[in-house]
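In: model the following, please.
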Amino acid sequence: MTIEEQVKLLKKGVEEIVPEGQLIAKLKKSAKTGKPLRIKYGIDPTGSQVHIGHLVPIRKMRQFQDLGHIGVIIIGDFTAQIGDPTGKNETRPTLTKEQIMINCEKYMDQLYTVLDKDKTEVRFQTEWFGSMTMADVIKLMGKFTLAQFMAHDTFRKRYESGLPLGMHEIMYPILQGYDSVAIESDIELGATEQKFNLLAGRDMQRYHNQEEQVAIMSPILMGTDGVNKMGKSLNNYIAVFDTPKDKYGKVMSIPDNLIINYFTYATNLSDEEISAVQMRLEAGENPKNLKQLLARELVKIYHGQEIAQAEEDAFNSVFAKGNIPDDIEEFSFAEDKIWVIKLLTDTKLCQTNGEAKRMLKQNAVSIDGEKVTDPDLEIELISEIVVKVGKRRFAKIIKK
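Out: Sure thing, here's the model as predicted:
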């Protein structure tokens with residue numbers, strides 16, 4: 001693959017490269033010397049579940065690996081105890097070392113569904129920060145000014161709003177920047193909202209007489225609700241360890257305006273193939289057809305072509321033909337009557353009473369094919385009923 005072809009591939013799904021000319025120069029130098037580039041991505045293992053939004057930069061790292069370069073995952077076992085303030089309007093709780101290590105192991109299992117393990121280094125910040133003295137830390141802080149940090153959108157907004165802003169949080173970009181020095185990073189990957197931190201890495205390398213890394217930034221993947229960025233707290237995410245059925249169903253639930261976004265940032269389709277999808281959408285083709293193509297492509301990445309096709313067949317059988325799936329979970333109740341809200345939460349069709357009431361109000365609940373909207377309804381349990389919530393959640397209720 002020529003350098004021009006490599007650059008075209010690496011620019012796919014990227015919002016900004018700082019600076020692009022230096023990326024080209026690094027690729028040329030690597031080709032000439034045979035020395036692979038070191039591609040950095042840092043994670044703070046504050047949780048253990050990875051969703052496809054997290055994997056946007058990880059998929060970019062895999063592209064670099066396929067071109068012969070080394071992916072370096074930095075485990076923020078030090079900064080996770082601080083909490084990255086980027087995009088946050090409040091201080092994030094810190095974690096214990098034990099929590100971080102447990103999360104890290106689970107996190108890497110999920111990243112390896114995309115990354116080439118043989119071309120991946122996993123490094124822990126405590127390798128370099130664990131032995132630093134107070135004098136070393138003050139020396140690092142002296143490389144930056146307060147004015148630089150108050151120009152940071154997140155810091156400035158919190159300060160102007162009178163919200164707490166800890167000095168430890170101001171340290172975060174400095175520490176992440178030093179990570180680039182410690183591993184001699186050539187490229188750092190991250191989201192657009194991480195730009196300040198990525199550029200701090202370039203500054204830090206310059207202060208340490210290293211060649212500055214190139215910052216490659218990708219947009220945030222929107223959640224399945226089409227309103228907020230993907231996140232567990234909003235239940236609008238598609239997890240790496242979701243079942244194929246759940247992945248397929250969640251994709252089919254996204255708003256039409258996210259179709260191209262997901263094709264671009266969550267699949268392996270080429271620019272030309274995505275342009276063809278865009279043309280079909282603009283020509284008035286039923287968006288359902290394109291969502292099915294998207295769902296099939298996404299499931300194929302994580303579970304293979306055969307399973308992806310099986311999920312599509314199952315989806316069509318249930319939703320296009322109005323059938324009830326064969327594998328729905330069964331629940332037994334001894335009561336003669338049960339409050340509809342309790343029924344929905346006890347079967348886990350809804351997680352909370354609030355969600356159950358909301359689904360009823362949205363006309364999204366049916367029992368044996370009949371819509372139910374009354375939150376005070378008492379359901380008679382005579383023999384067997386099938387409860388459906390939304391388009392994908394079913395439960396069979398059996399009277400004991």
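
In: contacts and neighbour counts: CA atoms only from here.
Out: Fine.

In: the stretch 101-250 of the chain: strands as residue ranges?
Out: With strands called from DSSP state E, counting those that start in this stretch, the stretch 101-250 of the chain shows them at 120-124, 187-191, 214-218.

In: in JSON lines, list those along with distance to residue 107.
Out: As requested, these are exported to JSON lines (distance: least, C-alpha to C-alpha, whole Å):
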{"stretch": "strand 120-124", "distance to residue 107": "12"}
{"stretch": "strand 187-191", "distance to residue 107": "17"}
{"stretch": "strand 214-218", "distance to residue 107": "20"}
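
In: and the closest residue to residue 120 other than its chain neighbours, what are its bridge partners?
Out: Excluding its sequence neighbours, the residue lying closest to residue 120 (C-alpha to C-alpha, 6 or more residues apart in numbering) is residue 71, at 4.7 Å. With DSSP bridges as the criterion, residue 71 is bridged to residue 39, residue 120.

In: what sits against residue 71?
Out: Contact analysis of residue 71 by C-alpha atoms under 8 Å, 6 or more residues apart in numbering lists 38, 39, 40, 41, 61, 62, 64, 65, 119, 120, 121.

In: got the domain boundaries for the chain?
Out: By the record's domain assignment, the chain is partitioned as 3-218, 232-320, 329-399 (automatic domain parsing).

In: residue 225: which of those domains is closest?
Out: domain 232-320 (5.9 Å; C-alpha to C-alpha).

In: can you pick the most crowded of the contacts of residue 71?
Out: residue 61 (29 neighbours; other C-alpha atoms under 10 Å).

In: rewinding a little: tell me the pLDDT at the residue nearest to residue 120?
Out: Per-residue confidence (pLDDT) for residue 71: 98.

In: now swap in residue 168 and tell me
Out: Residue 168 is given a pLDDT of 75.

In: coming back round to it: export the domains of the chain to CSV and append columns for distance to residue 226.
Out: Formatted as CSV, the domains of the chain follow (distance: least, C-alpha to C-alpha, whole Å):
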stretch, distance to residue 226
domain 3-218, 13
domain 232-320, 6
domain 329-399, 17
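
In: tell me which of the ones you listed lies nearest to residue 224.
Out: Nearest to residue 224 among the domains of the chain is domain 232-320 (4.9 Å), distances taken as C-alpha to C-alpha.

In: picking up where we left off before, now the residue nearest to residue 120: how far from residue 39?
Out: Distance, residue 71 to residue 39, by C-alpha to C-alpha, to the nearest Å: 5 Å.

In: overlap in contacts, those two.
Out: Shared contacts of residue 71 and residue 39 (C-alpha under 8 Å, 6+ apart): 61, 64.

In: run the chain-centre distance for stretch 173-181.
Out: Centre-to-centre, stretch 173-181 and its host chain are 23 Å apart (C-alpha atoms, centre = their mean, to the nearest Å).

In: avg pLDDT for that stretch?
Out: Per-region confidence: stretch 173-181 scores 94 on mean pLDDT.

In: mind listing what's buried in it?
Out: Residues of stretch 173-181 classed as buried by neighbour count (16 or more other C-alpha atoms under 10 Å): 173, 174, 175, 176, 177, 178, 179, 180, 181.

In: can you put these in CSV and add distance to residue 393?
Out: Shown next, in CSV, are those (distance: C-alpha to C-alpha, whole Å):
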residue, distance to residue 393
173, 43
174, 46
175, 45
176, 42
177, 45
178, 47
179, 45
180, 46
181, 49
